[in-house]
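Q: Below: sequence and its predicted model.
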Amino acid sequence: MTAPNDSATISTPTRSSLGAMPCCLSSFLDRVIHGDNCETLAAMPAESVDLVVTSPPYDDLRTYGGHSWDFPRLAGELTRVLKPGGVIVWVVADATVNGSETLTSMRQAIHFKDVCGLNVIDTMIYLKPTGCFANPKRYRGAWEYMIVAAKGEPKTFNQLTRQKTGHSYNRVGTASRTAESGRERVRAYKSDKSGETQRENVWYYVTNMSVAEEKEAFKHPAIFPEALAKDHVQSWSNPGDVVLDPFAGSGTTLKAAKELGRRFVGVEINAEYVAICHKRLAQEVLNLFPDNVQVDLPPKKGVDSTSDVTGG
């Protein structure tokens, strides 16, 4: 196999072309892989990933080019490549169809638990600064699930804290919502002398990108804040660990992982979004892993390799 370099486009064999033997992990590290996520993961070695942070395209809330993806198969492959104690963070929401929420997110969480055998250790909430358009017969939607599932007990938990202030939701350094009284609410959590206290599982974010990043990232229809990705990468992994995003999208998870000293694997089926990932990864001042190259995998039979499938 050709050694990776900045200008090369190399082809990584899939499991189908290698029989039962997957490729070595080094064929995937620190790269944005252009291909189908199930085919790509099938070619990766088992128990090779420490953390998955991703947001799948859910319930056709946005158009991603008409590509359909196989949740049961992907869930099985994610479970296979996850190390014991590894964690999956699944950022997802539901559409409302004929007056009822689909509950697809809940079905997916139950599938991870009952079919894949993972432990759903938390159902966290990503609270947005603005919700979707108001419906005259229900309240404005303003949040998404962040389902956290682990292969056994999480091997890593670097607990984040929040400043002990009058905010009902906050992340240090970002905008937040305040308690009605303006006074600090009484908390049952332990705090230290620095004025920090244990953070809740409802996380509020505003978009915090530079102008240069926005120009590229917002070419993707469904990005999530870089701070969200960084907080999960910090919480569930350590420097040097492998972070995977099977719906790489605009590359937010990959960029967060790289900046925090983790290795990363991104998979994206849309060539335009692969290009966005490379541009955003190249914007960093410190290039921790200089061998970012595009790796083309043969698309799944019957799949249009130019279709769009992702979030993030």
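A: Great, that's in hand.

Q: Could you list the low-pLDDT ranges of the stretch 101-250 of the chain?
A: By pLDDT under 70, the low-scoring segments of the stretch 101-250 of the chain are 130-134, 163-195, 207-223.

Q: If you tally nearby residues, what's the number for the closest residue in space to D241 that isn't next to it in sequence?
A: In space, and not counting its chain neighbours, D241 is closest to D50: 3.7 Å by CB to CB, 6 or more residues apart in numbering. Yep, even glycine has a C-beta here, placed from its N, CA and C like the rest. By other CB atoms under 10 Å, 23 other residues sit near D50.

Q: And for V115?
A: V115: 12 neighbours (other CB under 10 Å).

Q: ok, and what's touching whichever strand or helix holds I125?
A: Using DSSP states H and E, I125 sits in strand 119-127. Outside strand 119-127, the residues that touch it by CB atoms under 8 Å, 6 or more residues apart in numbering are 87, 91, 109, 112-113, 142-154, 169, 201-205, 224, 228.

Q: Among these, which are located in helices?
A: Using DSSP state H, 109, 112-113, 228 are the members of these that sit in helices.

Q: With neighbour count added, can I get the residues you listed in a markdown table?
A: Putting the ones in helices among the contacts of strand 119-127 into a markdown table (neighbours: other CB atoms under 10 Å) gives the following:
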| residue | neighbour count |
| --- | --- |
| A109 | 20 |
| F112 | 21 |
| K113 | 14 |
| L228 | 26 |
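
Q: roughly how far apart are L41 and N158?
A: Going from L41 to N158 by CB to CB, to the nearest Å gives 26 Å.

Q: Settle it for me: which of the two has more neighbours?
A: Remark: of L41 and N158, L41 carries more neighbours, 26 against 10, as counted by other CB under 10 Å.

Q: what helix or strand does that one sit in?
A: Assigned by DSSP H and E, L41 falls in helix 37-42.

Q: Compute the mean per-residue pLDDT across that helix, please.
A: Throughout helix 37-42, pLDDT has a mean value of 95.

Q: oh, and call the first residue 56 from now on, that's how I've got it
A: Let's use 56 as the start, then, which means that last one is helix 92-97.

Q: Put the alpha carbons of it into CSV.
A: Extracted in CSV, the C-alpha atoms of helix 92-97 (Å, rounded to 0.1, in the frame of the first residue of the first chain):
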residue,chain,number,x,y,z
ASN,A,92,-19.7,4.3,6.6
CYS,A,93,-20.8,0.7,6.9
GLU,A,94,-18.3,-0.5,4.3
THR,A,95,-15.6,1.6,5.8
LEU,A,96,-16.2,0.4,9.4
ALA,A,97,-16.4,-3.2,8.2
